[in-house]
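Undergrad: Give me the fold of what follows.
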Amino acid sequence: MNHKLLKYSLLFIVGFFINCVYSQQYNFKTFTPQNGLAGSIVNNIFQDSKGYLWFATQGGGVSRFNGKEFKNFTKNNGLIANDITCIAEDRVGNIWIGTTTEGVSKFDGLKFTNYTDKEGLANNAIYSIYCDEKNNVWFGTDGGGISIFDGKKFKNLSIHDGLACDMVYAITQDKKGDFWFALKCGVAKFDGARITNYEKEKVILNKRFFSILCDRDGDIWFGSSNAGVVKYNGEKFEEFKIPEEVSSDFIGGITQDLYGNVWFATEHGALKFDGGNFTLFNEKNGLPSNIVLSTYTDYEGNVWFGIQQSGV
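TA: All right, here's what the predicted structure looks like:
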């Protein structure tokens, strides 16, 4: 599909977000299996270079949205499994899809190629995927550490290479090119040669982290399972105070919109921070459920939320 046409079809379908963002008023539209979405639990949201939006569902495979309709992919189409955790795109346009226990699939637009520990993947439970500028694909696993695929083979990083633990739930890269990992046992950084663990930092000690954002200023945000948010400004880690109501929530995702607002997926709704104040959006504001699993900002500035048992 023509990228320009797709861009405008997305504007037509979800333009309510754009208009409301520009006026600083927010309305919500929900997509569920009744609209064609593959499943009601959306663990991850991603937009590819062609403008298609991809949704990782629990049990239903993946959905691709072109602004008008959903196209769904499952095991019947060659996908390795239907319980999907994460989605990313490499530099040549392949879509990588992680699963809870079965490994990963690569979709080249025509067919799926599947990879498991038999091909060298560190572990088949995949919780995060990150594609770097050199077209290496990084996989955070639940128990095997990190796998890095260069297009031919896997290289793995684990506790044997200096990682504090092998449960890696999110990966990002900072403006310097260093890689950051959200771990079950804290936070770690990899500069290409050496792993530095920060699990003993006061604000990180005994915390589990599941989400990461590198914002436009280069600050790194870490969302935890039940201990709030930590922010790294390039020099030090600080606890980022969020409202008490969500301070013990699972922070499933973090995104930044085109205005610079930072959004957090919480168990009490979607939390927005505008640089000075917080606003919590929940069922009272039009969300179909207060339990938000994931969040993503698309190219047009629309903010998407994956909602527990309620689609997006």
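
Undergrad: Going by C-alpha atoms from here, please, whenever you check contacts or count neighbours.
TA: OK.

Undergrad: Now do the contacts for residue 264.
TA: Residues near residue 264 by CA atoms under 8 Å, 6 or more residues apart in numbering: 251-255, 270-272, 295.

Undergrad: do the same with residue 87
TA: 44-46, 54-56, 95-98, 128-129.

Undergrad: cool, residue 144 as well?
TA: 122-123, 158, 166-167.

Undergrad: Would you convert those residues into TSV that also reports neighbour count and pLDDT?
TA: Shown next, in TSV, are the contacts of residue 144 (neighbours: other CA atoms under 10 Å; pLDDT from 0 to 100):
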residue	neighbour count	pLDDT
122	27	97
123	23	97
158	19	97
166	22	97
167	28	97
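
Undergrad: Could you dump these into TSV and include secondary structure?
TA: TSV is the format used below for those (DSSP: H, G, I helix; E, B strand; the rest coil):
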residue	secondary structure
122	coil
123	coil
158	coil
166	coil
167	strand
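
Undergrad: and which of those residues is nearest to residue 27?
TA: Among the contacts of residue 144, residue 167 lies closest to residue 27 (CA to CA), at 36.8 Å.

Undergrad: tell me the mean pLDDT for stretch 88-101?
TA: Mean pLDDT, stretch 88-101: 97.

Undergrad: Residues in contact with that stretch: which ones?
TA: Contacts of stretch 88-101 (CA under 8 Å, 6+ apart): 46, 48-49, 80-87, 104-109, 124-137.

Undergrad: change it to 6 Å
TA: By CA atoms under 6 Å, 6 or more residues apart in numbering, the residues outside stretch 88-101 that reach it are 83-87, 104-108, 124-126, 131, 135.

Undergrad: Contacts only, for residue 177.
TA: Per CA under 6 Å, 6+ apart, neighbours of residue 177: none.

Undergrad: measure the closest residue to residue 225 other than its chain neighbours to residue 158 for me?
TA: Nearest residue to residue 225, sequence neighbours excluded (CA to CA, 6 or more residues apart in numbering): residue 250, at 4.2 Å. Distance, residue 250 to residue 158, using CA to CA, to the nearest Å: 25 Å.

Undergrad: Now the residue nearest to residue 120 when sequence neighbours are not counted: phi and psi?
TA: Of all residues not flanking residue 120 in the chain, residue 154 sits nearest, at 5.6 Å (CA to CA, 6+ apart). Main-chain torsions, residue 154, degrees, to the nearest 10: phi -100, psi 140.

Undergrad: Next: residue 255.
TA: Torsion angles, degrees, to the nearest 10, at residue 255: phi -140, psi 160.

Undergrad: please begin residue numbering at 853 from this point
TA: Shifting the count to begin at 853 puts that one at residue 1107.

Undergrad: Please work out how many residues are found near it.
TA: 24 (other CA atoms under 10 Å).

Undergrad: so what's it up against?
TA: By CA under 6 Å, 6+ apart, the residues touching residue 1107 are 1114-1115, 1148.

Undergrad: can we see that at 10 Å?
TA: Counting by CA atoms under 10 Å, 6 or more residues apart in numbering, residue 1107 touches 1063-1067, 1073, 1113-1117, 1124, 1146-1150, 1155-1156.

Undergrad: ok, now residue 1150?
TA: Applying CA under 10 Å, 6+ apart, the residues near residue 1150 are 862, 897-900, 903-905, 1107, 1109-1110, 1156.

Undergrad: Tell me the pLDDT of it.
TA: So, for residue 1150, pLDDT stands at 94.

Undergrad: One more: residue 869?
TA: 43.

Undergrad: again, but for residue 1138
TA: 83.

Undergrad: how many neighbours does it have?
TA: So residue 1138, with other CA under 10 Å, has 14 neighbours.

Undergrad: now swap in residue 944 and tell me
TA: By other CA under 10 Å, the residues close to residue 944 number 9.

Undergrad: same question, residue 1020
TA: Residue 1020: 30 neighbours (other CA under 10 Å).

Undergrad: So, low pLDDT: which residues of the stretch 1053-1164 of the chain?
TA: 1162-1164 (pLDDT under 70).

Undergrad: can we see that at 50?
TA: Along the stretch 1053-1164 of the chain, the model assigns pLDDT under 50 to no residue.

Undergrad: what about residue 966, helix or strand, and which?
TA: Using DSSP states H and E, residue 966 sits in strand 964-967.

Undergrad: Average pLDDT for that strand, rounded please.
TA: 98.

Undergrad: Run me through the strand neighbours of the next helix or strand after that strand, direction for each.
TA: With elements assigned by DSSP H and E, the helix or strand that comes after strand 964-967 is strand 978-983. Strand 978-983 sits in its sheet next to strand 989-993 (antiparallel), going by DSSP bridges.
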